[in-house]
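Chemist: I would like to see how this sequence folds:
(one chain, ligands or ions: 2)
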Amino acid sequence: MTERIAIVGGGKIGEALLAGLIQSGKQTKDLVVAEKMPKRAKEIADEYGVLVTDVTTAAEGAHYVFLAIKPDDVDSVLRELSSAEDAAETERVTVTLVAGLPLSRYENGLQAGSPVVRVMPNTPMLVNEAMSAVSVGRYVGEEQLDAVVRLLETVGKVAVVPERHMDAVTAISGSGPAYVFLMAEAMIDAGVALGLSRVQAGELTVQTIRGAGLLLSESGLSPVDLRAAVTSPGGTTAAAIREFEANGFRHGVYEATRACAAASKKAGHRPDIEGLSGPNGGRSDVDAP
Ligand SMILES: NC(=O)C1=CN([C@@H]2O[C@H](COP(=O)(O)OP(=O)(O)OC[C@H]3O[C@@H](n4cnc5c(N)ncnc54)[C@H](OP(=O)(O)O)[C@@H]3O)[C@@H](O)[C@H]2O)C=CC1
Ligand SMILES: O=C(O)[C@@H]1CCC=N1
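Modeler: Ligands and ions are numbered 1, 2, ... in the order given. Below you'll find the predicted structure:
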């Protein structure tokens, strides 16, 4: 039997998931998207040839419902999903991609005993190169977890992590692509400042990041060894690295990822979001403030 997958939210990450699943061979008839913005709904339907509809219709008969919505939209979607609990024999697994919000939040919002998996993916999913970290809710069976992991593996790599690590994961792999793109932007601007054309600086930068990424993932060598191999004694790279260090590059990365993890943790604490209770906003995996 083919498995039907619903994606609620056709934004950036919802589209990345949809595109990745289609590229990996999923049939469009087994995919459905719920998107509330009419313009965006039409774009998704035209581009990918999938049914784009409302949450209730999308969830009907779906084996997996992926939530790719912003935290503020979660409560209303959970209410819709809960009241739309279908009569089908298949048990639906809810897979949330939302940053910050704990599993308990969904388990409390859906019907009692609903299986929920929390995932922190990233946008390279668009080209089947995602890094997805997965935490498992308490009502998820082994087969259900295996099935979600298999689905996510069609669009990249998957790691299963304890939920208490999700804020850190968000700071490294969830938001991580943005740091790399920021580095690319800065290198292109720097190339222009050194007299290269923007097009040429772009080509040099993109291929350098691509090549360095492949070397890092395929050579089996550590970043320390790979950097040392570029850094000839008394040479040009050493001059550049000295400036990076003097300008606090490493410190900047520590501080930026700390701020990111804190923002993720804060999302799980927000008292203004209904349904949260207790000092940890319903979370059992964080220390009381
Ligand atoms: N972007 C990324 O790299 C990553 C994002 N995430 C998580 O994914 C989630 C979505 O992020 P992102 O894709 O960037 O955000 P977007 O704003 O691009 O996408 C969210 C989409 O969901 C739509 N939506 C909201 N409520 C409903 C509803 N009830 N029914 C149907 N559609 C709805 C929104 O419509 P409207 O605009 O009209 O509200 C919007 O189009 C966030 O929670 C984020 O934490 C996780 C990992 C990486
Ligand atoms: O910026 C955000 O909130 C989302 C979560 C991880 C990446 N993007």
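
Chemist: residue in the stretch 151-289 of the chain with the shortest distance to ligand 1?
Modeler: When C-beta to the nearest ligand atom is the measure, the stretch 151-289 of the chain has its nearest residue to ligand 1 at Gly174, with 4.7 Å between them. No exception for glycine: its C-beta is placed from N, CA and C like everyone else's.

Chemist: bridged to the residue nearest to that residue when sequence neighbours are not counted, which residues?
Modeler: Take Gly174 and drop its neighbours on the chain: the residue closest to it by C-beta to C-beta, 6 or more residues apart in numbering is Met120, 4.5 Å away. Taking DSSP bridges, one obtains Ala133 as the residues bridged to Met120.

Chemist: run a quick neighbour tally on Met120.
Modeler: 28 (other C-beta atoms under 10 Å).

Chemist: isn't it right up against Leu152?
Modeler: No. Counting by C-beta atoms under 8 Å, no contact exists between Met120 and Leu152, whose distance comes to 10.8 Å.

Chemist: could you tell me how far the residue nearest to Gly174 is located from ligand 1?
Modeler: Distance check for Met120 against ligand 1: by C-beta to the nearest ligand atom, to the nearest Å, it reads 6 Å.

Chemist: residues touching that residue, list them.
Modeler: For Met120, the contacting residues are Leu97, Ala99, Ser132, Ala133, Met166, Val169, Thr170, Ser173, Gly174, by C-beta atoms under 8 Å, 6 or more residues apart in numbering.

Chemist: show me the domain layout of the chain.
Modeler: For the chain, automatic domain parsing gives the domain ranges 5-163, 176-247.

Chemist: nearest to Ala256, out of those domains?
Modeler: Checking these against Ala256 by C-beta to C-beta gives domain 176-247 as the closest, at 7.0 Å.

Chemist: returning to what we had before: quick one: closest of the domains of the chain to ligand 2.
Modeler: Checking the domains of the chain against ligand 2 by C-beta to the nearest ligand atom gives domain 5-163 as the closest, at 3.8 Å.

Chemist: picking up where we left off before, now the contacts of Met120 in TSV, with pLDDT?
Modeler: Shown next, in TSV, are the contacts of Met120 (pLDDT from 0 to 100):
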residue	pLDDT
Leu97	98
Ala99	96
Ser132	98
Ala133	98
Met166	97
Val169	98
Thr170	98
Ser173	98
Gly174	98
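
Chemist: so which of those residues wins on neighbours?
Modeler: Comparing the contacts of Met120 by number of neighbours (other C-beta under 10 Å), Met166 comes first, having 28 neighbours.

Chemist: got the phi and psi for it?
Modeler: Recorded main-chain torsions at Met166 are phi -60, psi -30, according to degrees, to the nearest 10.

Chemist: so who does it touch?
Modeler: For Met166, the contacting residues are Arg118, Met120, Ala133, Ser135, Ser264, taking C-beta under 8 Å, 6+ apart as the criterion.

Chemist: if we can go back for a sec, pick the most deeply packed of the domains of the chain.
Modeler: For the domains of the chain, the stretch with the most neighbours on average is domain 5-163, a mean of 19; neighbours defined as mean count of other C-beta atoms under 10 Å.

Chemist: tell me if that one is near ligand 2.
Modeler: Yes. Contact between domain 5-163 and ligand 2, assessed by C-beta under 6 Å from any ligand atom, occurs at Ala99.
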